[in-house]
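[1] kindly return the folded structure for what I paste below:
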Amino acid sequence: MLSVFTNIIEFSNELAVPVCVHEPRLVEKGATISYGVDLKNVGRLSFFLIEQVLKGVKPEKIPIFVPEKVSLVINNKWAKEKGYMIPNELLYIADKVLE
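    Numbering: from 1, shown residues only. All right, here's what the predicted structure looks like:
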């Protein structure tokens, strides 16, 4: 799946078209912006749920988890190179800005 996004990012860079993705590490590979949950944290929660099932805990006793935080990562370097201006309000609230 990552290779598909890599191809999309490369194509969008050639055309100078911004691309929004779901995972922060894709911004570091050239995407313009990402907004989504921390997949490492989701993996930890999944491990906990699997562990509960394997221990024989009844499903109604297993808590429901919802990711607590979404992360906004912006590639401002890309935006500047391609002639786009990211609003300061977005840069201010972003969890990480690549310059």
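
[2] measure S71 to I50 for me?
    24 Å (C-beta to C-beta, to the nearest Å). Heads up, the C-betas are built off the backbone N, CA and C, glycines and all.

[3] which of those two has more residues huddled nearby?
    Shown here are S71 and I50; by other C-beta atoms under 10 Å, S71 has more neighbours (18 against 10).

[4] what about the spatially closest residue to the more buried one that is not a sequence neighbour, how many residues nearby?
    Excluding the flanking residues, the one nearest S71 by C-beta to C-beta, 6 or more residues apart in numbering is D95, at 4.7 Å. The number of residues packed around D95, counting by other C-beta under 10 Å, is 14.

[5] pull the contacting residues for the residue most central in space within the chain.
    For the chain, the residue nearest the mean C-alpha position is E23 (2.2 Å; C-alpha atoms, centre = their mean). Contacts for E23 were tallied using C-beta atoms under 8 Å, 6 or more residues apart in numbering; they are S34, G36, L39.

[6] ok now the helix or strand harbouring S34, how far from the chain's centre?
    In this assignment (DSSP states H and E), S34 forms part of strand 33-37. Relative to the centre of its chain, strand 33-37 is centred 3 Å away, using C-alpha atoms, centre = their mean, to the nearest Å.

[7] quick one: the helices in the protein?
    2-15, 24-28, 39-54, 76-81, 88-93 (DSSP state H).

[8] and of those, who's closest to K61?
    Proximity to K61 (C-beta to C-beta) singles out helix 39-54 among the helices of the chain, at 8.0 Å.

[9] contacting residues for the residue nearest to W78 when sequence neighbours are not counted?
    Spatial nearest neighbour of W78, excluding adjacent residues (C-beta to C-beta, 6+ apart): T32 at 5.6 Å. T32 makes contact with S12, P18, V19, C20, I74, N75, W78, A79, Y84 under the criterion C-beta under 8 Å, 6+ apart.

[10] at 7 Å instead, please
    P18, V19, C20, N75, W78, A79 (C-beta atoms under 7 Å, 6 or more residues apart in numbering).

[11] now the buried members of these.
    By neighbour count, with 16 or more other C-beta atoms under 10 Å, the contacts of T32 hold P18, V19, N75, W78, A79 as buried.
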